[in-house]
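Asker: Sequence plus predicted model, see below.
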Amino acid sequence: MIGANGQIGTELAVALRQKFGSENVITSDLREPRSPKEGEIFEIINVLDKPALKALFEKYKPTQVYLLAAMLSATGEQYPMKAWDLNMNGLLNVLDLALELGIKKIFWPSSIAVFGPHSPKQNTPQYCIMDPNSIYGISKLAGERLCEYYHKKYGLDIRSLRYPGIISWKTAPGGGTTDYAVDIFFEALKSGKYSCFLSADTALPMLYMEDAVAGTIALMDAAQEQLTVRSSYNLGGISFTPAEIAEEITKILPNFEMSYVENDPRQAIADSWPASIEDTVAQEDWNWKPTFDLQAMTKDMIENLK
Ligand code: AKB
């Protein structure tokens, strides 16, 4: 797993270690994890350093690679060329080395950021107009096209999900537009209030980490012939606005106060994204079914963060 110290990697790695055994999962990132555990194999790697990545693959001979290293939407707007470089060349390095070294299976995350202002806003379908206008979304859409291309042209077994905003309590996300929906829980418990950088009525698709991890593993376990999408699968979970999540938190923490900051650059990114996602193709192909709604997620987040 490359980019294993991030929000998704941290929890996906735990699930993969449980499934395959610690000795069979190699995690890697630019820096050491904050709390390395005994018996876990970790390597420092920069996915843009192709010779070092090749040496790593030759050392461990992985059968599957999870490429999670990426720059997200908000940070991407601050460093557009760095985001493009990491998101595109990181993927190309892995795809090329997979072909060269015969690595069997790749997981690469895409995002709801592949959609844009002319995509249908509600229940955005698998196939529709896609005109992303953030560098992150543009890189993810280009990446999806590359994944499908490498699958069709070279037979590479690459699988991908269009993650919505992922909500979790173990590791905070960093640099995304959907991050408010995680920050809000930390602040609600710490200070009893939260100042939100998105407007009260900005609905966005979100998913609880437990569902995201289960969905990722289900996709990776699915038989090849079940999969009809080789770009990236739509993955819907919960759709809610800042006002709705604040209301849900208030049911458990009655003194919680929410305020809103205007003119944050992340608002424009959020406004260009879907409010909700339609994911029947994932349901039909590999039985995707999320289990957490807004209420269950809020309860679980607060219980665990406490
Ligand atoms: C972001 O906000 O950039 C990410 C995403 C939706 O891909 N969480």
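Answerer: On my side now, so go ahead.
Asker: quick one, strands of the chain?
Answerer: Assigned by DSSP state E, the chain shows strands spanning 26-29, 41-44, 64-66, 105-111, 157-163, 165-167, 193-196, 204-208, 233-234, 238-240, 257-260.
Asker: Turn these into CSV, columns for distance to the ligand and mean pLDDT.
Answerer: (Each C-beta comes from the backbone N, C-alpha and C, glycine too.) Shown next, in CSV, are these (distance: least, C-beta to the nearest ligand atom, whole Å; pLDDT from 0 to 100):
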stretch, distance to the ligand, mean pLDDT
strand 26-29, 18, 97
strand 41-44, 24, 96
strand 64-66, 16, 98
strand 105-111, 3, 98
strand 157-163, 6, 98
strand 165-167, 5, 98
strand 193-196, 14, 98
strand 204-208, 8, 98
strand 233-234, 13, 98
strand 238-240, 13, 98
strand 257-260, 18, 98
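Asker: Kindly state the pLDDT recorded for the residue of the stretch 101-250 of the chain found nearest the ligand?
Answerer: Distance from the ligand to each residue of the stretch 101-250 of the chain (C-beta to the nearest ligand atom) is smallest for G176, at 2.8 Å. Looking at G176, its pLDDT stands at 97.
Asker: Could I get the phi/psi values of it?
Answerer: Backbone torsions for G176, taken as degrees, to the nearest 10, come to phi -100, psi 170.
Asker: Now do the closest residue to it other than its chain neighbours: how many residues are near it, please.
Answerer: Residue nearest to G176 in three dimensions, not counting chain neighbours: L72, with 4.1 Å by C-beta to C-beta, 6 or more residues apart in numbering. Neighbour count of L72, defined by other C-beta atoms under 10 Å: 22.
Asker: From P173, how far off is L72?
Answerer: 7 Å (C-beta to C-beta, to the nearest Å).
Asker: In space, what's closest to S195 - neighbours in sequence excluded?
Answerer: Take S195 and drop its neighbours on the chain: the residue closest to it by C-beta to C-beta, 6+ apart is S259, 5.0 Å away.
Asker: How about the contacts made by that neighbour?
Answerer: For S259, the contacting residues are K193, Y194, S195, C196, by C-beta atoms under 8 Å, 6 or more residues apart in numbering.
Asker: got the end-to-end distance for stretch 195-212?
Answerer: Stretch 195-212 stretches 27 Å from its first residue to its last (C-alpha to C-alpha, to the nearest Å).
Asker: List the buried residues of it.
Answerer: Neighbour-count burial for stretch 195-212 flags 196-199, 202-212 (criterion: 16 or more other C-beta atoms under 10 Å).
Asker: tell me the two of those residues that are most distant?
Answerer: Largest separation among those by C-beta to C-beta: S199 and E210, giving 28.4 Å.
Asker: A4 is in contact with L30, isn't it?
Answerer: No - between A4 and L30 there is no contact under C-beta atoms under 8 Å: 10.3 Å.
Asker: Look at those two and report which has more neighbours.
Answerer: Between A4 and L30, A4 has the larger neighbour count (other C-beta under 10 Å), namely 24 against 13.
Asker: Run a quick check on the residue of the stretch 101-250 of the chain closest to the ligand versus S73, I expect a contact.
Answerer: Yes - contact criterion C-beta under 8 Å: G176 and S73 qualify, at 5.6 Å.
Asker: of these two, who's got more company?
Answerer: S73 (27 against 23).
Asker: Any regions of this protein where pLDDT drops low?
Answerer: Regions of the chain meeting the criterion pLDDT under 70 are absent.
Asker: Spell out which residues of it are next to the ligand.
Answerer: For the chain, the residues in contact with the ligand (C-beta under 6 Å from any ligand atom) are L72, S73, S111, I112, A113, Y136, Y163, P164, G165, G176, T177, T178.
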